[in-house]
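Sequence first, then the predicted structure:
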Amino acid sequence: MLEGKTAVVTGSTSGIGLATAEVLAEQGINLVMHGLMSDEEGNALVQSFAEKYRIKAIFDGANLMDSEAIATFMKRAINEMGSIDILVNNAGIQHTERVETFPIAKWDAIMSINLSSAFHTIQQALPDMQKNGWGRIINIASVHGLVASVNKSAYCAAKHGIIGLTKVVAMENAELGITANAICPGFVDTPLITEQIQQMADRDGIDFATAKRQLVIQKQSLPDMMEPRQIGEYVLFLCSSTARMITGASLTMDGGWTAQ
């Protein structure tokens, strides 16, 4: 059912985004990949995907802090791929610090990349999806879209915002064959969290592995971090006909974090 459709996955050169791109490509879904690397590196990456999975794939390194750059990126994707059927807003950054000393530039960057960029990509993708009568919008939110943690004011605010945006998009397009959902992971084993674990290890004088486990069990009942591919497989499920009645949902994958 999904073979030949096209997916845009932001932040897809590493971590959750890369794993999601691989899961989708395995199903014959064409890809628009995006991330922080040079055009040369990005083009080599999509070439490897095209050869391995026999799909069409292009790369774009658009600056997600720039709404005009996002518009250009999305219009290029539509022009070169024919349509956008699946949109996965995954790109994100993090900074941890108390509110009173939180750098304004960091706040602005997190809000731009983690929240506003999703609005801009959705706005560009919707007309095509509405015309085709089918679309899947999956926003990678976070457990921090549902609960808070200290030192994460910008991240929590952005992820709470993503969930609100997802609900509105779902309601506005419910009769048009388009679903919009937010996946809310707990701890995921990606480069985004590595710095936080290392800071904890340095502060407490413990090794990285011990710090990693201690960080997880502070919040989750399951003492393991999730693998990025698990989220990619959930994205694929939400694209399936089985999931067509799931829309406007905030779907946790949090090891029991929010069950407590």
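The structure has been received and is ready for your questions.

which stretches of the stretch 151-260 of the chain have low pLDDT?
Scanning the stretch 151-260 of the chain for pLDDT under 70 picks out nothing.

which SS state does the residue nearest to residue 35 when sequence neighbours are not counted fall under?
Distance criterion C-beta to C-beta, 6 or more residues apart in numbering; nearest residue to residue 35, sequence neighbours excluded, is residue 13 at 2.9 Å. All C-beta atoms are positioned from the backbone trio N, CA, C, and that covers glycine. Three-state call for residue 13 (DSSP: H, G, I helix; E, B strand; the rest coil): coil.

Buried residues, the host helix or strand of residue 16. List them.
Using DSSP states H and E, residue 16 sits in helix 15-26. Residues 15-25 are the ones in helix 15-26 that count as buried (16 or more other C-beta atoms under 10 Å).

between those residues, which is nearest residue 94?
Distances from residue 94 to the buried residues of helix 15-26, taken as C-beta to C-beta, are shortest for residue 15 (11.8 Å).

longest helix anywhere in the chain?
helix 153-172 (DSSP state H).

what angle separates the very next helix or strand once past that helix from helix 15-26?
Going down the chain from helix 153-172, the next helix or strand is strand 178-185, by DSSP H and E. Counting by axes from the mean of the first three to the mean of the last three C-alpha atoms, to 10 degrees, strand 178-185 points 130 degrees away from the direction of helix 15-26.

After strand 178-185, which helix or strand is next?
Next along the chain from strand 178-185, counting by DSSP H and E, comes helix 191-204.

what's near enough to touch the residue nearest to residue 244 when sequence neighbours are not counted?
Distances taken as C-beta to C-beta, 6+ apart put residue 179 closest to residue 244, at 6.6 Å, once the chain neighbours are dropped. Contacts of residue 179 were listed using C-beta atoms under 8 Å, 6 or more residues apart in numbering, and they are 135-137, 170, 173, 238, 243-244, 246-247.

Among those residues, which ones are in helices?
Using DSSP H, the contacts of residue 179 in helices are 170, 238.

Mind giving me the PyMOL select for the contacts of residue 179, buried ones only?
Applied in PyMOL, the following selects the buried portion of those according to 16+ other C-beta under 10 Å:
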select buried, resi 135+136+137+170+173+238+243+247
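
Break down the protein into its strands, ranges please.
Secondary structure of the chain, counting by DSSP state E: strands at 6-9, 30-34, 57-60, 86-89, 135-140, 178-185, 250-253.

what's the closest of those strands to residue 153?
Closest approach to residue 153 among these (C-beta to C-beta): strand 178-185, 18.0 Å.

what angle separates the closest one from strand 135-140?
Orientation check (the same axes, to 10 degrees): strand 178-185 against strand 135-140 gives 20 degrees.

Strand 178-185 versus helix 153-172: what angle between them?
Going by the same axes, to 10 degrees, strand 178-185 makes 150 degrees with helix 153-172.

Listing partners with orientation, what would you give for strand 178-185?
The strands beside strand 178-185 in its sheet (DSSP bridges) come out as strand 135-140 (parallel), strand 250-253 (parallel).

now the spatially most central residue of the chain: how far from residue 113?
Geometric centre of the chain, nearest residue: residue 90, 1.6 Å, by C-alpha atoms, centre = their mean. Counting by C-beta to C-beta, to the nearest Å, the separation of residue 90 from residue 113 is 11 Å.

Please apply the same query to residue 239.
The gap separating residue 239 from residue 113 is 24 Å, by C-beta to C-beta.

which of those two has more neighbours?
Between residue 239 and residue 113, counting by other C-beta atoms under 10 Å, residue 239 is the more crowded of the two (25 against 19).

how much space between that one and residue 145?
Taking C-beta to C-beta, one finds residue 239 at 21 Å from residue 145.
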